[in-house]
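[1] can't give you the sequence, but here's the structure:
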């Protein structure tokens, strides 16, 4: 088994409780694999910091139900415990058709991509976190409703968060005893246990110098506030959830791909990097904030998302890096840029204080930070041939940004629509030189043709470099 930590709604405290559970288990020396439901990048950073193992996203919208089950099974190899953090409220998903591993549609699902959907897919028990700060006896109605709505779920108990006093707890316990549901943990109000946030959610781990102290506090909280006798038996993966790992793909000639990785660029799905390596890539990590050049022998460039707007001055002042990226793209180096990577490639970036900072200058547009949040899953249809796509190709991605471009190309890379059938369609993304640049975050588990094409172009670029070098010599 494993457990999914679910919430009755967003903001109920499931991230803090998940981190507390992970902290205590890892403090005891256990090998713990964590997972996060949905497309989130930042919560998994905290999981990874605590466990020392990459947290894996379980997202059937970006991938497929089959991929979710395979990913979970493979990552449970050789571990002691597995724990999944849910997304939003337990049943908060989107109404979609189920999709097979080949993208084919089948049965309709009302809460596709929700925590409940993942629990059903993996046949894993659920623990419900309830924010008790503004209720007492009504907690029983909430717990009963969540337990009863879907009889295919196994809701084994609740964790009561933000309990004010002994009297408050007594009222909560009496109400829950009436419906015979287990209380697996009680967390008192913890004003000192908060993670700072900003415009796109939590502040990432590498910007929090006191994080080790915070993790120690979480471990102590978990030790004293949870019923480990009831929780622990559920956390060990069962044989049903473990499969043999897939054999690695043969690597004949490693293809060196440079991954932008620092405080400004940190949004990567670990599966994307694993898939690239499995296909023959040799990944090297470099910092657009600090590096003076791309890693030697680079034949492909991957610029992920992150917070370039928070480090715009430093990025702009590192002229050697800007010039190196511009030169590589102008020479035809295959480049894949998502969201923050797209922003970095623009002519200029205007930050929240309305200061303008020169960027790489490949995309003839200015990126402008604003207050409007663009958020949601998107179905993307390729408008034209590009580095990675053919006209008419369909992929699912996720947008999450507070910036807009001053202008878009006359012929965009994608036509985007949300999961709603009547949603408006709009153009997005750039295809220029040998570059794919878009606000859309993609999970390669849902579009395996993209990393394959990317590496094929990188191999062609490498061979052309060698040919040109030999001819010039």
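    Thanks, I have it. Bear in mind that the values here come from a model prediction, so they are computed numbers and not experimental data.

[2] I'd assumed residue 430 was in contact with residue 363.
    Yes. At 5.6 Å, residue 363 counts as touching residue 430 under the criterion of C-beta atoms under 8 Å. C-betas here are computed from N, CA, C, even on glycine.

[3] between the two, what contacts are shared?
    342, 437 (C-beta atoms under 8 Å, 6 or more residues apart in numbering).

[4] quick one: contacts of the helix ranked longest in the chain?
    Using DSSP state H to define each element, the chain has its longest helix at helix 449-472. The set of residues that contact helix 449-472 without belonging to it, under C-beta under 8 Å, 6+ apart, is 253, 255, 257, 272, 275-276, 279-281, 299-300, 332-334, 336, 387-389, 393, 395, 434, 442, 444.

[5] Can you turn the buried part of those into a PyMOL selection?
    Typed into PyMOL, the line below selects the buried ones among these, using 16 or more other C-beta atoms under 10 Å:
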select buried, resi 255+257+272+275+276+279+280+281+299+300+333+334+336+387+388+389+393+395+434+442+444
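
[6] per the record, what domains does the chain have?
    The chain is divided into the following domains under automatic domain parsing: 3-241, 255-472.

[7] need those in CSV with mean pLDDT, can you?
    Rendered in CSV, the data for these read as follows (pLDDT from 0 to 100):
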stretch, mean pLDDT
domain 3-241, 91
domain 255-472, 93
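
[8] which residues of the stretch 201-350 of the chain fall in helices?
    Listed from the start of the chain, the stretch 201-350 of the chain has helices (DSSP state H, counting those that start in this stretch) covering 211-225, 228-231, 270-278, 312-317, 319-330, 340-344.

[9] so of those, which one's packed in deepest?
    Each of those was scored by mean neighbour count; the highest is helix 340-344, a mean of 29, by mean count of other C-beta atoms under 10 Å.

[10] what's that helix packed up against?
    Of the remaining helices and strands, those touching helix 340-344 by 3 or more C-beta pairs under 8 Å, 6 or more residues apart in numbering; DSSP states H and E are strand 265-267, strand 300-303, strand 305-306, strand 363-382, strand 435-438.

[11] Indicate which one of those is closest to residue 49.
    The closest approach between residue 49 and any of those, judged by C-beta to C-beta, belongs to strand 265-267 at 11.8 Å.

[12] mind listing what the closest one pairs with, with the direction of each?
    Sheet partners assigned to strand 265-267 using DSSP bridges are listed as strand 305-306 (antiparallel).

[13] what's the partner strand in contact with?
    Counting by C-beta under 8 Å, 6+ apart, 41, 263, 264, 265, 266, 267, 268, 338, 339, 340, 341, 441 sit against strand 305-306.

[14] Contact partners for the last one?
    With contact taken as C-beta under 8 Å, 6+ apart, residue 441 is in contact with 39, 267, 305, 338, 339, 397, 398, 399, 400.

[15] Now render those as CSV, adding distance to residue 158 and neighbour count.
    Output for the contacts of residue 441, formatted as CSV (distance: C-beta to C-beta, whole Å; neighbours: other C-beta atoms under 10 Å):
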residue, distance to residue 158, neighbour count
39, 27, 22
267, 33, 22
305, 35, 24
338, 38, 25
339, 37, 26
397, 35, 26
398, 30, 22
399, 34, 20
400, 30, 19
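
[16] what comes up buried for the helix or strand hosting residue 6?
    Secondary-structure assignment from DSSP states H and E places residue 6 in strand 3-7. Buried residues in strand 3-7, defined by neighbour count with 16+ other C-beta under 10 Å: 3, 4, 5, 6, 7.

[17] Return the distance of the third one relative to residue 128.
    Here the criterion is C-beta to C-beta, to the nearest Å. By it, residue 5 lies 9 Å from residue 128.

[18] can you check the second one too?
    Between residue 4 and residue 128 the distance is 10 Å, computed by C-beta to C-beta.

[19] Over to the first one?
    For residue 3, the distance to residue 128 under the criterion C-beta to C-beta works out to 11 Å.

[20] same deal with the fourth one?
    Separation of residue 6 from residue 128 (C-beta to C-beta): 5 Å.

[21] could the helices of the stretch 201-350 of the chain go into CSV alongside distance to residue 79?
    Supplementary listing: these in CSV, determined by distance: least, C-beta to C-beta, whole Å:
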stretch, distance to residue 79
helix 211-225, 18
helix 228-231, 16
helix 270-278, 15
helix 312-317, 38
helix 319-330, 38
helix 340-344, 31
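
[22] wait, which of these is closest to residue 149?
    For residue 149, the closest of those is helix 228-231, at 22.7 Å, according to C-beta to C-beta.

[23] how long is stretch 277-290 end to end?
    With C-alpha to C-alpha, to the nearest Å as the measure, stretch 277-290 spans 25 Å from end to end.

[24] what is in contact with residue 5 and residue 128 at once?
    Taking C-beta under 8 Å, 6+ apart as the contact rule, the neighbours common to residue 5 and residue 128 are residue 159.

[25] what are the phi and psi angles of residue 15?
    As for residue 15, its main-chain torsions (degrees, to the nearest 10) stand at phi -70, psi -50.

[26] Return the residues in contact with it.
    Contacts for residue 15 were tallied using C-beta under 8 Å, 6+ apart; they are 43, 46, 85, 195, 202.

[27] and residue 416, that one's in a helix?
    No. Remark: residue 416 does not belong to a helix; assigned using DSSP: H, G, I helix; E, B strand; the rest coil, it is strand.
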